[in-house]
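Chemist: coords please:
(chains A and B)
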Amino acid sequence: MTTTPAQTSAPTDEVRVRFCPSPTGTPHVGMVRTALFNWAHARHHGGKLVFRIEDTDAARDSEESYHQLLDAMRWLGIDWDEGVEVGGPHGPYRQSERADIYQEVIAKLKDAGHIYESYSTAEEIVERHRAAGRDPQLGYDGYDRDLTEEQKAAFLAEGRHPTWRLRMPDTDLTFTDLVRGEITFKAGTIPDFVVVRANGQPLYTLVNPVDDALMRITHVLRGEDILSSTPRQIALYRALIEIGVAERVPEFGHLPYVMGEGNKKLSKRDPESNLFLYREQGFLPEGMVNYLALLGWGYSADEDIFSREQMVERFDASDVNPNPARVDIKKATAINADHIRRLTEADLAERLVPYLQQGGVLGETVTEEQRTLVVAATPLVQTRMNLLGEAPDLLGFLFTADADLEVQPDALKKLGDDPVGVLERAIQEIDAVPEEDFTAAALEPALRAAIVEDMGIKPRLAFGPLRSAISGRRISPPLFESMELLGKSSSRARLSALRDRLAAEA
RNA sequence: GCCCCCAUCGUCCAGUGGCCUAGGACACCGGCCUUUCACGCCGGCGACACGGGUUCGAAUCCCGUUGGGGGUACCA
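Modeler: Residues are numbered from 1 along each chain as shown, chains lettered A, B, ... in the order given. Here you go, the predicted structure:
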């Protein structure tokens, strides 16, 4: 095992970004937004996206969560060039499989004196601050920096096991954040921090930069929550460069928080944070990507709707807005609706099928006839849907047997003075239309002439009863088209059923 | 406590010293279209947190205040 493998030294101008989640819980929107921005940045610059899994916390990590992560990435079309599942020159890409690499780096860091053993307990540190009249909330005080061999031996004899801390430089630490500009942390405000536990295991603080260095990452785009650990990482990078593990300090870009209601960071508890809930409701991956992109970024001054490709064309991390963004389900839904309208009818029909199945409108196996009906019905609902999950409710009546159609109570109200007469007349008109000519184009003028013009009933009241009879709803897809799809006998049966029912009730 | 980040309509995004009487989107309110509901179209409401500077000129630069948020672990 070597820490400087192959050194397939990439061209220095190649952009290499990474997405490195911990597999805990269900993918949430903030995390996915980070993945998306990294991906878009890489694609825009013709670079590479590395997908690494930070599964060093056996207690919280799960294989199920790992698979959900893969599912999420694939659903959204965020592909990666190196990493889990696809491999690459800097593997393995799961931290749980990289223990030997870390031990080797740790050994080098020790040899070079960048990290030193620390025996102080938290209580002792606080005690020393108190004794010296300093703020006890100050962090580690550097007490063990220059322990003599005798002192170390004495601690060891006491049975203490040291942690290892990085020697922080006594200078200001400045870096230029891609989204925030220049940021400086004053010298002396960041204590030497622990990189190796007393049991010899490395911590995230070490492992994350080490992997980024080894994987030759050039741009680190991550959540704002780790902005304040950046100076620590820069100090570590400098040490890694000195021992030949890293080539450079990458550029950093800290993405704004994704907030929930109020001023709280979207938590995993919040339902709107769960990516898969959006999918279940019928968000298109295109709509989701579009909306997610708007959380901190804008495609242009006056366009909000764009494709993945359009995003790639323009995205650059330096254009990201630094303020936190709140999720707005209504806007997300509206954007999704736009994407639904942009789909071809055939594509939309195809995507509707699983939702119709999920809604119980279609069974597990879909017949050719049903599929044809879905395709034919799609144009009737394309501008009436915001979410694919609305399909069962909108189209259910077309797949229901006439006898099973339930007319909703709502659809029985406000039918005018003479709904029975209207239905009766409609049936007569329908009977006069030949089977092969049972089309919306033929039905509409015939029914309009008979009921609106001849009977003198306003269109609204003329067609209301028919709508209720045909769809069972007060609100439905266009009436005549629906009748055409249902066919003559089915339409007639439904019209008769409601006529009979209303006549009986009168 | 100390350190760091953020601050334009209710929300998201645009704006990087004059093109801003601040633009677009969602939401909301009117209207048109119309067989319902949508779509579409037209119109309306609505913001530069506050105070000082710098400048001929500031939403844009600087300082401060206030208000949010994060960090300060042998978590990630």
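Chemist: need the residues of the stretch 101-250 of chain A near RNA strand B, please.
Modeler: With CB under 7 Å from any atom of the strand as the criterion, the stretch 101-250 of chain A comes near RNA strand B at residues A:121-122, A:135, A:137-140, A:161, A:163, A:180-181, A:183-186, A:189, A:191, A:193-194, A:197-199, A:203-205, A:224-229. C-beta: built from backbone N, CA, C; applies to glycine.
Chemist: what's the closest residue to RNA strand B within chain A in contact with, if anything?
Modeler: Closest contact between chain A and RNA strand B, by CB to the nearest atom of the strand, is at A:Gly298 (1.8 Å). Residues counted as contacts of A:Gly298 (CB atoms under 8 Å, 6 or more residues apart in numbering) are A:319, A:321.
Chemist: Mind checking which of the residues of the stretch 101-250 of chain A next to RNA strand B are in helices?
Modeler: A:122, A:204-205 (DSSP state H).
Chemist: Let me know the closest of those to A:Gly91.
Modeler: A:Tyr204 (19.5 Å; CB to CB).
Chemist: was I right about that closest one contacting A:Glu54?
Modeler: Yes - counting by CB atoms under 8 Å, A:Tyr204 does reach A:Glu54; the two are 7.3 Å apart.
Chemist: Give me the more crowded residue out of those two.
Modeler: Comparing A:Tyr204 with A:Glu54 by neighbour count (other CB atoms under 10 Å), the higher total belongs to A:Glu54, at 18 against 15.
Chemist: still on that earlier bit, wait, which of the ones in helices among the residues of the stretch 101-250 of chain A next to RNA strand B is closest to A:Thr367?
Modeler: A:Tyr204 (53.7 Å).
Chemist: Could you export the helix or strand containing A:Lys152 as PDB, CA atoms only?
Modeler: Per DSSP states H and E: A:Lys152 is located in helix A:149-157. C-alpha atoms of helix A:149-157 as PDB (Å, rounded to 0.1, in the frame of the first residue of the first chain):
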ATOM      1  CA  GLU A 149      10.800  12.400  26.700                       C
ATOM      2  CA  GLU A 150      10.700  12.100  30.500                       C
ATOM      3  CA  GLN A 151       7.300  13.800  30.800                       C
ATOM      4  CA  LYS A 152       5.900  11.600  28.100                       C
ATOM      5  CA  ALA A 153       7.200   8.500  29.800                       C
ATOM      6  CA  ALA A 154       5.700   9.600  33.100                       C
ATOM      7  CA  PHE A 155       2.200  10.000  31.500                       C
ATOM      8  CA  LEU A 156       2.500   6.700  29.800                       C
ATOM      9  CA  ALA A 157       3.500   5.200  33.200                       C
END
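Chemist: Name the residues of it that are buried.
Modeler: Judged by neighbour count (16 or more other CB atoms under 10 Å), helix A:149-157 contains these buried residues: A:152, A:155.
Chemist: Which residue, neighbours along the chain excluded, lies closest to A:Ser22?
Modeler: A:Glu54 (4.7 Å; CB to CB, 6 or more residues apart in numbering).
Chemist: give the contact list for the one you found.
Modeler: For A:Glu54, the contacting residues are A:20-22, A:95, A:204, A:207-208, taking CB under 8 Å, 6+ apart as the criterion.
Chemist: Check the residues you listed for burial and list the buried ones.
Modeler: Buried by 16+ other CB under 10 Å: A:20-22, A:95, A:207-208, out of the contacts of A:Glu54.
Chemist: farthest pair in those residues?
Modeler: Top of the distance list for the buried ones among the contacts of A:Glu54 (CB to CB): A:Pro21 and A:Val207, 14.0 Å.
Chemist: who in the stretch 301-450 of chain A is up against RNA strand B?
Modeler: Counting by CB under 7 Å from any atom of the strand, the stretch 301-450 of chain A sits next to RNA strand B at A:301-304, A:319, A:321-326, A:328, A:330-331, A:334-335, A:337-338, A:341, A:383-384, A:440, A:444.
Chemist: Of those, which belong to strands?
Modeler: Judged by DSSP state E, strands contain the following of these: A:325-326.
Chemist: and the residues of the stretch 301-450 of chain A next to RNA strand B, which of them are in helices?
Modeler: A:330-331, A:334-335, A:337-338, A:341, A:440, A:444.
Chemist: remind me, longest helix of chain A?
Modeler: In terms of residue count, the longest helix belonging to chain A (DSSP H) is helix A:488-505.
Chemist: I would like the residues contacting it, please.
Modeler: With CB under 8 Å, 6+ apart as the criterion, helix A:488-505 contacts A:402, A:405, A:407, A:415, A:419-420, A:423-424, A:426-427, A:430-431, A:433, A:435, A:438, A:465-466, A:468-470, A:483, A:486.
Chemist: check whether it contacts RNA strand B.
Modeler: No - using CB under 7 Å from any atom of the strand, helix A:488-505 never reaches RNA strand B; the gap is at least 13.5 Å.
Chemist: any low-confidence regions in the stretch 1-150 of chain A?
Modeler: Applying pLDDT under 70 to the stretch 1-150 of chain A flags the ranges A:1-12.
Chemist: For it, which segments are assigned as strands?
Modeler: In the stretch 1-150 of chain A, the strands defined using DSSP state E, counting those that start in this stretch lie at A:16-19, A:48-51, A:82-83, A:115-118.
Chemist: Can you lay out those strands as TSV showing distance to A:Ile241 and mean neighbour count?
Modeler: Below are the strands of the stretch 1-150 of chain A laid out as TSV (distance: least, CB to CB, whole Å; neighbours: other CB atoms under 10 Å):
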stretch	distance to A:Ile241	mean neighbour count
strand A:16-19	17	26
strand A:48-51	20	24
strand A:82-83	22	22
strand A:115-118	15	21
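Chemist: would a markdown table of those strands with distance to A:Trp39 be doable?
Modeler: What follows is the strands of the stretch 1-150 of chain A, written out as a markdown table (distance: least, CB to CB, whole Å):
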| stretch | distance to A:Trp39 |
| --- | --- |
| strand A:16-19 | 7 |
| strand A:48-51 | 5 |
| strand A:82-83 | 12 |
| strand A:115-118 | 34 |
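Chemist: out of those, which comes closest to A:Leu240?
Modeler: A:Leu240 sits nearest to strand A:115-118 of all the strands of the stretch 1-150 of chain A, at 11.2 Å, using CB to CB.
Chemist: List the residues that contact the nearest residue to A:Phe19 once chain neighbours are set aside.
Modeler: Closest residue in space to A:Phe19, ignoring its immediate chain neighbours: A:Ala35 at 4.5 Å, by CB to CB, 6+ apart. Counting by CB under 8 Å, 6+ apart, A:Ala35 makes contact with A:19, A:21, A:72-73, A:76, A:78.
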